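> Compute the structure for the input listed below.
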Amino acid sequence: MSLPAEVITGENAPEAVEEASLVGDSLRAFRKNRMAMAGLAFVLLLVLLTIFAPWISPHDPYRVALNEQLLPASTTYWLGTDNFGRDVLTRILYGARISLIVGIVPSLISLMIGTVLGILSGYFGNRTDFIVMRLADMMIAFPSLLLAMVVMYTMGANLLNIFLALALVGWAGVARVVRAQTLALKQKEFIEAARAGGTGRATIMFRHIFPNVIPTLIVLFSLSIPEAIMWESSLSFLGVGVQPPEASWGLLVAKGKEYLFQAPLVAISPGVAILLTVLAFNFIGDGLRDALDPSMKD
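From the prediction side, this is the model:
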């Protein structure tokens, strides 16, 4: 929302008004994007469902009832039961917790690592740039899924190692984007003026350059979440991710594929959940890109 000009006083009033106006324009542009708003509504609904899952579903996600194996959809079990007699819908709701956490936490870690290294690489150049970019090239050249599998096999299949594995394969792309923006920004007049005025390097990098790459980081973050969800689902599907009896969408698909023709909802339901969630985050990312990128505005 734009701030009224009369409530902003002092030397920085024009800049404050302009910044508030840009934020307001971006929010309005995002709200006009129907697909982005639909994606945001779906993600918010999913978050609420995962938070209140114990109250929404009357079933225990870990309860084994062998006399209720592979039951079809009914009023008692909306999506049927799996091979251990557990409610599929409840398992999906609890699996969403892991999928969302795995999507957000590694994305934040890789974003922080990539941002710091990208700014350092772009600002200092020379040897620093060479070392950081060669490391990034190595990470990008190595198959991401294979690298994550090596990490999981070496360190063990648990949630913390999933965070580390996904952060390890995700920081390089962020670093390259941030470096490119830093190279362009450090040639701007306001950076030259700050440097001529005796401003320290750390201040220039993290108080002048960093705020200008935040819009790009927001878009990268929103697009890296569905990618992390897909990586986690792939690792769990291959047996090196989340381990039973925990519920993970990739693990649910892996275990349910054995009963695809006998009880198709066991495998199809978590697959649809992955599809819809990834699409929702991609719609949000596209909406943020269009709203924050000046070249996309009329």
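
> Residue nearest the middle of the chain, spatially speaking?
residue 225 (1.7 Å; C-alpha atoms, centre = their mean).

> My guess is it contacts residue 281. True?
Yes - counting by C-beta atoms under 8 Å, residue 225 touches residue 281, with 5.0 Å between them. Every C-beta, even on glycine, is put in place using the N, C-alpha and C of the backbone.

> Do I have it right that residue 191 meets residue 183?
No - using C-beta under 8 Å, residue 191 is not in contact with residue 183, being 11.2 Å away.

> Of the two, which one has the most company?
Per other C-beta atoms under 10 Å, whichever of residue 191 and residue 183 has more neighbours is residue 191, with 19 against 15.

> Quick check: buried residues in the helix or strand hosting that one?
If you go by DSSP states H and E, residue 191 is part of helix 189-196. Buried residues in helix 189-196, counted by 16 or more other C-beta atoms under 10 Å: 191, 194.

> Please list the residues outside it that contact it.
Contact with helix 189-196 is made by 185, 203-204, 208-209, as judged by C-beta atoms under 8 Å, 6 or more residues apart in numbering.

> With stretch 76-94 instead?
Stretch 76-94 is contacted from outside by 49-50, 53, 56-57, 59-74, 247, 249, 252, 255-256, 258-259, 263, 265-266, 269-270, 273, using C-beta under 8 Å, 6+ apart.

> ok, residue 200 - how many residues close by?
10.

> Please report the distance of it from residue 107.
According to C-beta to C-beta, to the nearest Å, residue 200 and residue 107 sit 30 Å apart.

> cool, and residue 118?
With the distance defined as C-beta to C-beta, residue 118 ends up 15 Å from residue 107.

> Which of the two has more residues huddled nearby?
Using other C-beta under 10 Å, the more surrounded residue of residue 118 and residue 107 is residue 118, with 28 against 25.

> Nearest residue to the residue nearest to the centre of the chain in space, please, no chain neighbours.
Closest residue to residue 225 apart from its sequence neighbours, by C-beta to C-beta, 6 or more residues apart in numbering: residue 103 at 4.2 Å.

> Residue 215 too?
Closest to residue 215 by C-beta to C-beta, 6+ apart is residue 292, at 4.0 Å.

> List the residues that contact that neighbour.
26, 215-216, 218-219.

> closest to residue 127 among the residues you listed?
Comparing these against residue 127 with C-beta to C-beta places residue 216 closest, at 25.5 Å.

> what sits against the closest one?
Contact analysis of residue 216 by C-beta under 8 Å, 6+ apart lists 177-178, 181, 292.

> which ones among those residues are found in helices?
Among those, the ones falling in helices (DSSP state H) are 177-178, 181, 292.

> Next, format those residues as a markdown table and append distance to residue 141 and pLDDT.
Putting the ones in helices among the contacts of residue 216 into a markdown table (distance: C-beta to C-beta, whole Å; pLDDT from 0 to 100) gives the following:
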| residue | distance to residue 141 | pLDDT |
| --- | --- | --- |
| 177 | 17 | 93 |
| 178 | 19 | 94 |
| 181 | 23 | 92 |
| 292 | 30 | 79 |
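
> Of the residues you listed, which is the most crowded?
When neighbours are counted by other C-beta under 10 Å, residue 178 leads the ones in helices among the contacts of residue 216 with 26 neighbours.

> can you count the residues close to residue 69?
Neighbour tally, residue 69, other C-beta under 10 Å: 16.

> Which residues are in contact with it?
Neighbour list for residue 69: 81-85 [criterion: C-beta under 8 Å, 6+ apart].
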